[in-house]
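Student: have a look; sequence and predicted model below, questions after that.
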Amino acid sequence: MKSKSRQNKEEDNIYILLVEDDKESAQAMETMLTKRKIRVETVESVDQALEQFDPDKHDAIVTDIRLGELSGVDLLRRIREDLPDFPVILLTGFDSVDSAIQAIRLGAQDYILKPLNSIDDLVLPVKRSISSHRTLLKNRQLEKEQKQTNELLKAAYEKIRVLNARMNEITENEKLKITHELHDGILQHIVALRLHLESMKHTVQSNKSPEKAIAGANTAIKITTDMIISIRTLMTEILPLDTSDVLQQLSSYYDKFKDHLNGVHLNIHQYSIDQTLAPEVQANLFRIAQEAIANSAKHAQASQIDVRCFADHDSMIMEIADNGTGFNHKRFGNKIDGKHWGLLIMDERSFAAGGRLFIDSKPGKGTKLTVKVSKEKNHQLLCHHAKTPPAS
């Protein structure tokens, strides 16, 4: 609720345009209004009023009806063409009441009979009209802001909905991929292992040569080793390595999967970073780099990718640059479409890490992605983990 002092300040800050061709009447009203702390600008004709009127400066127009060639009603009509709600108050004698009534129908806020019995006959209607107009303007501004907020919320909701649908799709694809890996890799190894163990059991039970049993055992060991490799590979694809060094994670990831990256050569550069990465920052930076490397290899036809991690005064920074085909990132902006899911997800991961993603790319000039993570946000996350007891 607005304080009374603020309300009084607004009420006292009134500036009116007075249109009166009788100089004595104009001087008298200006003097009385000024004593009530109402500032007044006085003109004598409709033409002068239209020339001097400024809706950002004046709070109301007080005009006599009879002004010569053009009347106060004519002035009202001109004002209403552009400002249907601006306060216009008419001064009229008894012989022009009909004109005043006509003016009210045209949208005048009030009309006041002359001669005035008291200055309050003018001040009170003026303040009342200005107060109503200010309230109207504030309500319109609030409605405008509410509409903008609703539009932002609607856009954010739609973005969340689309991202949620995409994440569900990714989750289902990952489940399918893991299922295929389990069926085609690990399950086949287990079946083969069982067959060899049954064969070894039969060999031992039938007292056949130990050489055959040993050969079967060696085969079982090899199958077990292959199965362990398959499980580790699958785990590497699902989770980062257990280390706080993102670049070490990337190096291990590259060593394991470089045969699937279309011959892309990865260069990793690390400079001094004076702050430990929070777990979620570490995980999101790894996933961003992982996605960027995969995109460069798959879509950008890059032959080289450089990854750099360093820090400045406020941020920890990771840059991922390739020499691929590039694209016009200015056309992308914040648009969500099926061609830029990788960038969209990386942007969301940057936000989740307490940072921002910047894109610099041109057709034929390669692409550079820069992730800047706030040191303050990272520190807050570290403090949160320090205060949170480990799960039992």
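Tutor: That came through, no problem.
Student: now do the strands in the stretch 101-250 of the chain.
Tutor: Secondary structure of the stretch 101-250 of the chain, counting by DSSP state E, counting those that start in this stretch: strands at 110-113.
Student: remind me, longest helix of this structure?
Tutor: Ranked by residue count under DSSP state H, the longest helix found in the chain is helix 120-181.
Student: show the average pLDDT along it.
Tutor: Helix 120-181 carries an average pLDDT of 84.
Student: cool, and stretch 222-239?
Tutor: For stretch 222-239, mean pLDDT rounds to 70.
Student: equivalent analysis for stretch 92-102, please.
Tutor: If you average the pLDDT over stretch 92-102, you get 63.
Student: which strands and helices lie in contact with the longest helix of the chain?
Tutor: helix 4-12, strand 14-19, helix 23-35, strand 60-64, strand 88-92, strand 110-113, helix 210-238, helix 341-352 (3 or more CB pairs under 8 Å, 6 or more residues apart in numbering; DSSP states H and E). Backbone N, C-alpha and C define where each C-beta goes, glycine included.
Student: lowest-confidence stretch among these?
Tutor: Lowest mean pLDDT within these: helix 4-12, at a mean of 45.
Student: ok, back up a step: check the offset of the longest helix of the chain from the chain's centre.
Tutor: The chain centroid and the centroid of helix 120-181 are separated by 12 Å under CA atoms, centre = their mean, to the nearest Å.
Student: do the same with stretch 298-307
Tutor: Counting by CA atoms, centre = their mean, stretch 298-307 is centred 29 Å from the centre of its parent chain.
Student: redo the helices and strands packed on helix 120-181 as a markdown table? Include mean neighbour count and distance to Val371.
Tutor: As requested, the helices and strands packed on helix 120-181 are exported to a markdown table (neighbours: other CB atoms under 10 Å; distance: least, CB to CB, whole Å):
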| stretch | mean neighbour count | distance to Val371 |
| --- | --- | --- |
| helix 4-12 | 11 | 45 |
| strand 14-19 | 22 | 53 |
| helix 23-35 | 15 | 62 |
| strand 60-64 | 26 | 55 |
| strand 88-92 | 25 | 58 |
| strand 110-113 | 18 | 62 |
| helix 210-238 | 14 | 21 |
| helix 341-352 | 18 | 5 |
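Student: next, format the ones you listed as TSV and append distance to Asp47.
Tutor: Output for the helices and strands packed on helix 120-181, formatted as TSV (distance: least, CB to CB, whole Å):
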stretch	distance to Asp47
helix 4-12	31
strand 14-19	10
helix 23-35	16
strand 60-64	13
strand 88-92	16
strand 110-113	22
helix 210-238	80
helix 341-352	58
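Student: much appreciated, bye for now.
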